[in-house]
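S.K.: My questions are about this predicted structure, shown below with the sequence.
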Amino acid sequence: MTENELEVYFNNSPSLGDDMHDMAKDLWPICRSITGNGARETLSYIKRQIPELAIHSIPSGTKVFDWEIPDEWIIRSAYIKDKSGKKIIDMMENNLHIVGYSEPIDEWMSLEKLNKYLYSLPDQPNAIPYITSYYERRWGFCLTHIQRQSLKQGDYHVVIDSEIKPGVLNYADVVIPGLSKKEVMLSTYICHPSMANNELSGPIVTTMLAKWIASIENPFYTYRIIFIPETIGSIAYLSRHLQYLKDYVVAGYNITCIGDERCYSYLPSRNGKTLSDRAALHALKYVDPNFKIYTWLDRGSDERQYCSPGVDLPIATIMRSKYGKYPEYHTSLDDLSLITSDGLKGGFMAIQKAIKIIEKNRIYKTIIKCEPQLGRRGLYPTLSKKHSTDSVKIMMNFISYCDGSLDLLHISEAIGENFESILPIVEVLLENSIIEELAYE
Amino acid sequence: MTENELEVYFNNSPSLGDDMHDMAKDLWPICRSITGNGARETLSYIKRQIPELAIHSIPSGTKVFDWEIPDEWIIRSAYIKDKSGKKIIDMMENNLHIVGYSEPIDEWMSLEKLNKYLYSLPDQPNAIPYITSYYERRWGFCLTHIQRQSLKQGDYHVVIDSEIKPGVLNYADVVIPGLSKKEVMLSTYICHPSMANNELSGPIVTTMLAKWIASIENPFYTYRIIFIPETIGSIAYLSRHLQYLKDYVVAGYNITCIGDERCYSYLPSRNGKTLSDRAALHALKYVDPNFKIYTWLDRGSDERQYCSPGVDLPIATIMRSKYGKYPEYHTSLDDLSLITSDGLKGGFMAIQKAIKIIEKNRIYKTIIKCEPQLGRRGLYPTLSKKHSTDSVKIMMNFISYCDGSLDLLHISEAIGENFESILPIVEVLLENSIIEELAYE
Amino acid sequence: MTENELEVYFNNSPSLGDDMHDMAKDLWPICRSITGNGARETLSYIKRQIPELAIHSIPSGTKVFDWEIPDEWIIRSAYIKDKSGKKIIDMMENNLHIVGYSEPIDEWMSLEKLNKYLYSLPDQPNAIPYITSYYERRWGFCLTHIQRQSLKQGDYHVVIDSEIKPGVLNYADVVIPGLSKKEVMLSTYICHPSMANNELSGPIVTTMLAKWIASIENPFYTYRIIFIPETIGSIAYLSRHLQYLKDYVVAGYNITCIGDERCYSYLPSRNGKTLSDRAALHALKYVDPNFKIYTWLDRGSDERQYCSPGVDLPIATIMRSKYGKYPEYHTSLDDLSLITSDGLKGGFMAIQKAIKIIEKNRIYKTIIKCEPQLGRRGLYPTLSKKHSTDSVKIMMNFISYCDGSLDLLHISEAIGENFESILPIVEVLLENSIIEELAYE
């Protein structure tokens, strides 16, 4: 695509949403976990979209802060047969059936014993729950409560063909250099099996954001985009890069649950007043004034690590329906019908808007004492009538706050205007030598 | 008048309002603009009231920050005659008929052509609009929409006997010295033709305030009172005095729209928390608790210059009905019936109250540790009964905040009492050596 | 009692309230004033409860800041007889009958003259008012309005057998040493005659708090507990200890009106944001969310001295029904039926809770970067299901704020949890070397 075509593509084009939904279909069947082939396959798929992506591995047993990289989980097949030899549960049909990190087993057992290893949701009888046991050896199967209730007394043949053994944990990152060494960081996770809003929407929207950022000519900031398994991955990443990130990251977002159409949501950084928070709040106000505001106490993803005491990166979260707050969360109902082309595109554009704000945010200062004479520059109506200055009111309001202490985002809020609508005014004022940009890193 | 008579006169006497309304009648017919004879006549009239007033002039073409002093506009006559020779519009009848800074013309033209130079208000068919074109050469006439609709096809003789040529811009100021070199600044404009609330009320109330201030024995602050054409005048004034004003002005008000009876209004300085703002808010709360509070975004007079970035003088505005917010604004309906003796007096007293607060605001500190024993000084009831201390409660509350960090105005707000009602208490406490005044500039 | 028995006793045991109400009955008959035998008897009674209590005296005439220790008032008897020789008013029946600090008199007088020396409350015809005249020589009797209206014309024999002469003012204090020299200070007054909520509840609850504090093993803070006559006593105490108290007192409460059951009340220190204020607000929120919040302008007891400018001790007040705000205040209706066993116990426990918060408040900091792996320590569910982390949510929230800048009380408020419920979590985290305590004085 040409530069212009790219700009059109990334600016609300219908194909943008469709392309993301297609990516979701591609990634749907893969059985991801925090380690293993599923995560690797997913990262390889993303690398085909972003060739500069670097895929890294850390050996099992490596100490990362208070944690240790776990053994790798290889899962080949998992099913339960009844006496007639019929597979009544098979992870080939839905990879949520197998409890994550299940140990191998090949055993006949009674329904009574089997029941101790089955997980279902009486309140959501149609849903298969999503369950894992990363750090304690277990095995188990998940199924709908309806199916569970239909199981008959008798013996069952339980087979899990898995291995848990030393290997590696994989993650990937790409750094897109900008004019400044200061960085904007985007992070998403690639460790859940077949779930749509609470898994695929994150890496897909992040991949598309990476492609959009790569298409920006001469970005001001350097952009760091990270694909990791949740929790253990962000801890591992921080253990390798903490000081650099603390020195250079000025803003960023954790990207998750960004594909449905029900609402927009904001979860603050721990600090709550970082540039990321201010940009997210301003962007969402203009994307959908009814967006939901959560608090730090509602957190639940990698901001837990990024904003932990002593780490304190300025990472906030912009979501559609927040994890834990929609009924399909962590069940088989969080499927490809929950996320939509429009839902993904809306999520993409909300985060894109926040990033654009961060990218363009600067401090300007008037060069001129008192109001400039806009009239002789053709910027002000020369005939003074009632209301004749309404049209330049925004420009005058903007200038009145350009005192070198407030950034563009502060001024947008002070004068009640959309950040983006101020940008052309800034251009005109710079061209006319009415304001100057203060040094900015 | 004797000192006592002056005090009575300036303290809510009915003649105060009447005298101001008489001044309005005197000044009404003058055709003011930002330059020229009308402004000079007006300043001369004011100088007769305030003999110490100094009238200054700046030559056309002088650079003042981003602006240039315009040529002077001399207007001798302006009328339109119909074919029968009858003057159908004549600025002698109402000087709003002529567009400010109109070029000379003496020409017959069809109604069709003439219409391009006529201004009227379809929504206010009885009102002649007020229109100017200072910085672009034009000519035009303003009339009521009713009259406009009555004009018949045919030719009209249009005559404007005006000149626009190098001259001067005039303004005036007076500095009334006080104990301190620190200044309180009052500014008003003298550049609109016959309009009452949005022109005459400002210089008239300001003139009366100057006379009141001149009658104060040993004022603490030095008072600077400025009469200027709006915008170009304040810019010119600042270009001549900026650093001194930044160094010495501690508070002040722009005075405009201060003569009707409908409401009181407050417009903050850009900073919003200056002494001027605090004093205005406190004064208006006790003058009329229903006063309207505007924001910096609603500004529209010389505070635009005084509070501009890098100028940042502490200038707020106390008004009656604010410019742009009453239907008669910038039309012939803003006439002498809109401002009243009571309206002007109320406006005078609201600003006077704010100035009194500024003049008397100090920081006091208790000399005594713990509460003083007011009883032995006859300041506290010696018989302790229920409610027996109510009468000294205000005094005790005041003392309890005299810690040397809060000024009198802060304490008035903290204890919920009218600033003026605290002053006699301060006197008593000073006399009894219970508090001391901290050094104040 | 053994240590365990003491802990049970001071922790909501029914006998705690009963014992306090019994103390009230013991102290009820004593005719206290700011000096004299009543105050001394009261202090002696308290010393039997707290043997370490030191009783001090200051001679009449001693200068204490702006005040002077008054002469001592000795009152032996006071009555009025009618012509038939019948005592119609006798302070033996109720010591509120005599105006505090009444001069001696032995005189026959008409009802007309007598009436000038009688005080009653027309609005509360059943109540004897409480009246004093410490600093102006007077005499007088208080009686119910009903009795007053029943007095018949004729002569009355008025006898007050009193002396006002140089003596001493008494007060008492006890310092219970802790690990730190920093102090928590409790102050109450012992100068009112027979009133229950607005007198006895204060010294009684304070006495019980002193006994509880003495039973704490190795308290962190040093506790200073003061029994003084109101106003003159706190001024005298401050005049003797001001600099030390300013250097060492980190928190404290004035204790008064703490025995009825109608409500809980909070009155801030002048500063309003001290540790005492924060602890009181947190404690009361969990004791009774409907507690009443007063302002500094509602003050009326010794906080007037403790928080006066230049003294500025961090003293707040936790009360039940506040002085001046309940109808029985300063009358004979404030009697032993107004304060109850439950009322006193509730008051005790509210202040005890605030003190426990102050005693345990510390700053903690995570030792670990990123979240700790609670699972391998048995502190986190190893099976990850929907809602499986709810049980450790409080712990995780707590850790997420342990950044070394917020104390335990700040964090309790930030995460919306009762301070006391955080303490076991702190223990576990310290044991597991997840957090460390920062140095604290």
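M.R.: Thanks, I have it.

S.K.: centroid residue for chain A?
M.R.: Nearest to the mean C-alpha position of chain A, by C-alpha atoms, centre = their mean, lies residue A:255 at 1.0 Å.

S.K.: my guess is that one meets residue A:351, correct?
M.R.: Yes. Under the contact definition of C-beta atoms under 8 Å, residue A:255 touches residue A:351, with a separation of 6.6 Å. Bear in mind the C-beta positions are built from the backbone N, C-alpha and C, glycine included.

S.K.: Spell out which parts of the stretch 101-250 of chain A neighbour chain C.
M.R.: A:119, A:121, A:129, A:131-136, A:138, A:231, A:234-235, A:238-239, A:242 (C-beta under 8 Å from any C-beta of the partner chain).

S.K.: top of those by neighbour count?
M.R.: In terms of neighbours by other C-beta atoms under 10 Å in any protein chain shown, these top out with residue A:234 at 29 neighbours.

S.K.: In contact with it, which residues?
M.R.: Listed by C-beta atoms under 8 Å, 6 or more residues apart in numbering or on different chains, the contact set of residue A:234 reads A:187, A:226, A:228, A:302, A:305, A:306, C:370.

S.K.: what's the helix or strand for the fifth one?
M.R.: If I follow you right, that is residue A:305. Following DSSP states H and E, the helix or strand that holds residue A:305 is helix A:303-306.

S.K.: Show me the contact partners of that helix.
M.R.: So helix A:303-306 is contacted by A:187, A:231, A:234-235, A:238, A:252, A:254, A:267, A:269-270, A:311, A:313, A:315-317, C:370-371, C:396, C:400 (C-beta under 8 Å, 6+ apart).

S.K.: got the CA positions of it in PDB?
M.R.: Taking C-alpha atoms only, helix A:303-306 is exported to PDB below (Å, rounded to 0.1, in the frame of the first residue of the first chain):
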ATOM      1  CA  GLU A 303      -0.600  -3.600  34.900                       C
ATOM      2  CA  ARG A 304      -0.300  -5.500  38.200                       C
ATOM      3  CA  GLN A 305       3.400  -5.900  37.400                       C
ATOM      4  CA  TYR A 306       4.100  -2.800  35.400                       C
END
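
S.K.: for that helix, which positions count as buried?
M.R.: Of the residues in helix A:303-306, those buried under the neighbour-count criterion (16 or more other C-beta atoms under 10 Å in any protein chain shown) are A:303, A:304, A:305, A:306.

S.K.: Nearest residue to residue A:40 in space, please, no chain neighbours.
M.R.: Leaving out its chain neighbours, the residue that sits closest to residue A:40 by C-beta to C-beta, 6 or more residues apart in numbering or on different chains is residue A:170, at 5.4 Å.

S.K.: quick one on the thing from earlier: any idea which of the residues of the stretch 101-250 of chain A next to chain C is closest to residue B:57?
M.R.: Nearest to residue B:57 out of those is residue A:242 (C-beta to C-beta; 68.0 Å).

S.K.: Now the helix or strand containing that closest one: average pLDDT?
M.R.: Using DSSP H and E, residue A:242 falls within helix A:232-248. Mean pLDDT, computed over helix A:232-248, is 98.

S.K.: Return the alpha-carbon coordinates of it using CSV.
M.R.: This file holds the C-alpha atoms of helix A:232-248, laid out as CSV (Å, rounded to 0.1, in the frame of the first residue of the first chain):
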residue,chain,number,x,y,z
ILE,A,232,5.0,-14.7,34.4
GLY,A,233,5.8,-13.0,31.0
SER,A,234,5.6,-9.4,32.2
ILE,A,235,7.6,-10.3,35.3
ALA,A,236,10.3,-12.0,33.1
TYR,A,237,10.3,-9.0,30.8
LEU,A,238,10.7,-6.6,33.6
SER,A,239,13.4,-8.7,35.2
ARG,A,240,15.4,-8.3,32.0
HIS,A,241,14.7,-4.6,31.2
LEU,A,242,13.5,-2.9,34.4
GLN,A,243,16.0,0.0,34.6
TYR,A,244,15.9,0.8,30.9
LEU,A,245,12.1,0.9,30.9
LYS,A,246,12.0,3.1,34.1
ASP,A,247,14.4,5.5,32.4
TYR,A,248,12.7,5.7,29.0
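
S.K.: what comes up buried for that helix?
M.R.: For helix A:232-248, by 16+ other C-beta under 10 Å, it's A:232, A:233, A:234, A:235, A:236, A:237, A:238, A:239, A:241, A:242, A:245, A:248.

S.K.: One more: stretch A:294-303?
M.R.: A:294, A:296, A:298, A:299, A:300, A:301, A:302, A:303.

S.K.: Going by distance to residue C:26, which of those residues wins?
M.R.: residue A:296 (53.4 Å).

S.K.: For the stretch 301-441 of chain A, which segments count as helices?
M.R.: Using DSSP state H, counting those that start in this stretch, the helices of the stretch 301-441 of chain A run over A:303-306, A:341-360, A:393-400, A:408-415, A:419-431.

S.K.: Would you point to the one among those that's packed deepest?
M.R.: Among the helices of the stretch 301-441 of chain A, helix A:303-306 has the highest mean neighbour count (mean count of other C-beta atoms under 10 Å in any protein chain shown), at a mean of 26.

S.K.: what's the offset of that helix from the middle of its chain?
M.R.: 13 Å (C-alpha atoms, centre = their mean, to the nearest Å).

S.K.: What of stretch A:94-108?
M.R.: Worked out by C-alpha atoms, centre = their mean, stretch A:94-108 lies 29 Å from the chain centre.

S.K.: Mind listing what's buried along that stretch?
M.R.: Buried, per 16+ other C-beta under 10 Å, within stretch A:94-108: A:94, A:95, A:96, A:97, A:98, A:99, A:100, A:101, A:102.

S.K.: cool, and stretch A:220-230?
M.R.: Buried-residue list, stretch A:220-230, by 16+ other C-beta under 10 Å: A:220, A:221, A:222, A:223, A:224, A:225, A:226, A:227, A:228, A:229, A:230.

S.K.: Could I have the CA atoms of it written out in CSV?
M.R.: Extracted C-alpha coordinates of stretch A:220-230, given in CSV (Å, rounded to 0.1, in the frame of the first residue of the first chain):
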residue,chain,number,x,y,z
PHE,A,220,8.5,11.3,17.7
TYR,A,221,8.6,8.6,20.2
THR,A,222,10.2,5.2,20.1
TYR,A,223,7.6,2.5,20.3
ARG,A,224,8.1,-0.8,22.2
ILE,A,225,5.5,-3.5,21.6
ILE,A,226,5.5,-6.6,23.7
PHE,A,227,3.7,-10.0,23.3
ILE,A,228,4.1,-12.1,26.4
PRO,A,229,2.4,-14.7,28.5
GLU,A,230,0.4,-12.9,31.2
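
S.K.: and residue A:133, what does it touch?
M.R.: Neighbour list for residue A:133: A:99, A:100, A:101, A:102, A:140, C:382, C:383, C:384 [criterion: C-beta under 8 Å, 6+ apart].

S.K.: Equivalent analysis for residue A:18, please.
M.R.: Here residue A:18 is in contact with residue A:341 (C-beta under 8 Å, 6+ apart).

S.K.: and the gap between residue A:93 and chain C?
M.R.: 21 Å (C-beta to the nearest C-beta, to the nearest Å).

S.K.: What of residue A:270?
M.R.: 7 Å.

S.K.: which residue lies farthest from the center of chain A?
M.R.: Most peripheral residue of chain A (C-alpha atoms, centre = their mean): residue A:383, 51.6 Å.

S.K.: so who does that one touch?
M.R.: Residue A:383 touches B:131, B:132, B:133, B:136, B:138, counting by C-beta under 8 Å, 6+ apart.
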